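A.B. asks: what's the 3D shape of this:
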Amino acid sequence: MRRTLILSILIWFCLSAAVPPLPVSPNACSQAYGANLPDPLPGWLQPVEQPADLQTAQSYELLAGHLLKGAIVDGSRCPSGGLNADGSPNACGLETSREEVFRWQNRYDASIQASASEQNMPAKVLKAVIAVESQFWPAANWAKGEIGLGQMTEMGADLVLAWRPDYFLAICSQGLDKAACAKGYGGLDLAAQRILRGLMLKSIDATCPTCPGGVDPTRGDQAVTVLTESLNASCRQSNRTFWLATGKRPAELLSYEDFWRLSLANYHIGTGCIYQALRHTGNPSSWSAIAINFPTGCGSGAEYIRRIEEQIVP
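C.D. replies: Residues are numbered from 1 along each chain as shown. Purely as a prediction, here's the structure:
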């Protein structure tokens, strides 16, 4: 893990000068692909017309456990309050919390649809990432460094601040003066960068000791916005990583669907893992060819994509 982190940092510096930067655009993922998009788009990458198009009715054990532990769902009629010793819901707890689980997994659909529409991103993918990362529970685990609906980490915050300049300026204005912000994220010293990452992560933490269940679910709306920015940033970074590893634009070798899979894996395991897999593949002409070439410590990338695809709304 430490080697992967160090490699990611080194590649980040290389990416800053590897190829001419893409123009800043809200449509960063299609632009980063480097060619005209397929028409029509694959179903899972198509926009949705209304929040109702995102509605799901999945069973999420992690979410059910949080709802029972926080007394958002009353499990008093169940053995042990509906919970097993490890905090997971027992059969009674799972059934008792079923309706509330359905409500929580759809409570951010309007925010997801609006944020995706504003940034020209696929809303189905956005919701699927949230399902895999947090099961729609918006609180933070600061001990693990995983915050909010998208389970954002410090490296994830670094990704957004480095690759989404408008978002960087919005955060920077909250913690630093104009002269510092004018330097851009890469021009700041490490202490200043750490301040901005902290501000960003705190903005998406829904933990609220005085709120029912210990969370303020309205803070999840901000986490949706930040996750959308993160996926946009990951597309831009993936474009650069692909060029650095192959000397080609993604569209020269990959389908648009496979470029999205690559970008999602980049969000999850980082650019160091992606770079190594691309180099090991030699001729990365498909996601399946890339996925079997992840080095030690990066193998969760392929499993992550499989889990996301399982969550995609038909």
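A.B. asks: Name the residues that touch stretch 165-183?
C.D. replies: Here stretch 165-183 makes contact (Cβ atoms under 8 Å, 6 or more residues apart in numbering) with 24, 160-162, 184-185, 188, 192, 195-196, 199-200, 203, 229. The way it works is simple: take the backbone N, C-alpha and C, and place the C-beta from them, glycine included.
A.B. asks: Filter those residues down to the buried ones, ChimeraX style.
C.D. replies: Command for ChimeraX, covering only those of those found buried under the criterion 16 or more other Cβ atoms under 10 Å:
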select :160,161,162,185,188,192,195,196,199,200,203,229
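A.B. asks: Once you drop chain neighbours, what's closest to the residue of the chain most remote from its centre?
C.D. replies: Residue farthest from the centre of the chain, counting by Cα atoms, centre = their mean, is Arg77 at 36.8 Å. Take Arg77 and drop its neighbours on the chain: the residue closest to it by Cβ to Cβ, 6 or more residues apart in numbering is Thr96, 7.0 Å away.
A.B. asks: Look up how far Ala289 lies from the one you found.
C.D. replies: 46 Å (Cβ to Cβ, to the nearest Å).
A.B. asks: more neighbours, those two?
C.D. replies: A count of neighbours by other Cβ atoms under 10 Å puts Thr96 above the other of Thr96 and Ala289, at 23 against 18.
A.B. asks: Identify the residues contacting Ala110.
C.D. replies: So Ala110 contacts Pro51 (Cβ under 8 Å, 6+ apart).
A.B. asks: quick one: what helix or strand has it in it?
C.D. replies: Using DSSP states H and E, Ala110 maps to helix 109-118.
A.B. asks: the helices in the stretch 201-314 of the chain, which residues?
C.D. replies: Secondary structure of the stretch 201-314 of the chain by DSSP state H, counting those that start in this stretch: the helices cover 220-246, 256-269, 271-281, 287-291, 300-311.
A.B. asks: what about those helices, which gets the closest to Val101?
C.D. replies: helix 300-311 (14.3 Å; Cβ to Cβ).
A.B. asks: Remind me which helix or strand Leu149 belongs to.
C.D. replies: Here Leu149 is assigned to no helix or strand, by DSSP H and E.
A.B. asks: What about Ala140? Give its phi and psi, please.
C.D. replies: When read as degrees, to the nearest 10, the backbone of Ala140 gives phi -110, psi 150.
A.B. asks: Please work out how many residues are found near it.
C.D. replies: Ala140 has 23 nearby residues by other Cβ under 10 Å.
A.B. asks: which residues touch it?
C.D. replies: Glu146, Ile147, Gly148, Leu201, Ile204, Asp205, Ala206, Thr207 are the contacts of Ala140 under Cβ under 8 Å, 6+ apart.
A.B. asks: In the sheet, which residues pair with it? Tell me.
C.D. replies: Beta-bridge pairing for Ala140 (DSSP bridges): Ile147.
A.B. asks: The chain should start at 716 in everything you say after this.
C.D. replies: Yep, numbering from 716; the last one is Ala855 now.
A.B. asks: Could I get the pLDDT score of it?
C.D. replies: Per-residue confidence (pLDDT) for Ala855: 86.
A.B. asks: same question, Gly929
C.D. replies: 94.
A.B. asks: Surely it touches Ala921?
C.D. replies: No - look at Gly929 against Ala921 with Cβ atoms under 8 Å: they stay out of range, at 9.1 Å.
A.B. asks: Check for me that Cys788 belongs to a helix.
C.D. replies: Cys isn't right for residue 788; it's Val. No - with DSSP: H, G, I helix; E, B strand; the rest coil as the criterion, Val788 is assigned coil and is not in a helix.
A.B. asks: wait, what's in contact with it?
C.D. replies: Per Cβ under 8 Å, 6+ apart, neighbours of Val788: Ala779, Leu782, Gly797, Gly808, Thr811, Ser812, Glu815.
A.B. asks: one more time with 6 Å, if that's ok
C.D. replies: Leu782, Ser812, Glu815 (Cβ atoms under 6 Å, 6 or more residues apart in numbering).
A.B. asks: quick one: which of those has the most company?
C.D. replies: Result: Ser812 is most packed of the contacts of Val788 (other Cβ under 10 Å), 27 neighbours.
A.B. asks: all helices of the stretch 766-915 of the chain, in order?
C.D. replies: Using DSSP H, counting those that start in this stretch, helices in the stretch 766-915 of the chain cover 776-784, 806-811, 813-821, 824-833, 838-849, 869-878, 880-890, 893-896, 905-918.
A.B. asks: residues in contact with the longest one?
C.D. replies: Outside helix 905-918, the residues within contact range by Cβ under 6 Å, 6+ apart are Ile862, Glu869, Ala872, Leu876, Ile886, Gln889, Gly890, Gln937.
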